[in-house]
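> My questions are about this predicted structure, shown below with the sequence.
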Amino acid sequence: MKIIRSPSGMTAWSEGLRREGVRIGLVPTMGALHDGHRALIRAARLRCDALVVSIFVNPTQFGPHEDLTNYPRPISHDRALCKKEGVDVCFEPNVTAMYPEGFQTTVNLPAIATGGKGKCAHIIFQGLRPW
């Protein structure tokens, strides 16, 4: 299993495979993987040729009263689970890589797109970033 930490490295790896016609699956996570993640990984594995699990504790997905510093980060456990499930790449960027100086892109959804979950869903979707 390969570990990639930079968005440019992830782009290079995935573009190379796409040129060969390889279907790449992605299971985006914030780590602290559990059986729900394992089920997503297994489902994705059945539908793709190569599989990426992103492990990124995204600070923009935490509300003002949520504790980012105490969010669990058991990276050794997460990697072991991924390896056992046949994941090809763990994408493990840091905050600086995902949000470089001058970063300005956000995703804003209308209220109807948040499924009625209001402000919480807005915070989660606003923190999403494509690589």
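Thanks, I have it. Numbers count the residues shown, from 1 in each chain.

> can you give me the strands for the chain?
Using DSSP state E, the strands found in the chain span residues 2-4, 24-29, 50-55, 89-91.

> So which residue is dead centre in this structure?
Pro28 (2.9 Å; CA atoms, centre = their mean).

> For that one, which residues are in contact?
54, 56 (CB atoms under 8 Å, 6 or more residues apart in numbering). To be clear about C-beta, it is placed using only N, CA and C from the backbone, and glycine gets the same treatment.

> Tell me which helix or strand in the protein has the weakest average pLDDT.
Within the chain, no helix or strand scores below helix 119-126, which has a mean of 49 by mean pLDDT, DSSP states H and E.

> This structure: helices as residue ranges?
Taking DSSP state H as the criterion, the chain contains helices spanning 7-19, 35-47, 75-84, 95-98, 119-126.

> Of the ones you listed, give the one that comes closest to Glu66.
Judged by CB to CB, the one of these that comes nearest to Glu66 is helix 119-126, at 9.0 Å.

> Next, the contact list for Met10, please.
4, 52, 89, 91, 93, 131.

> Could you rerun that using 10 Å?
Going by CB atoms under 10 Å, 6 or more residues apart in numbering, Met10 touches 4, 26, 52, 54, 89, 91-93, 97, 131.

> list the buried ones in stretch 85-98?
85, 87-93, 97-98 (16 or more other CB atoms under 10 Å).

> Return the closest of the residues you listed with respect to His34.
Glu85 (12.5 Å).

> In this structure that closest one contacts Arg42, no?
Yes - using CB atoms under 10 Å, Glu85 is in contact with Arg42, at 6.5 Å.
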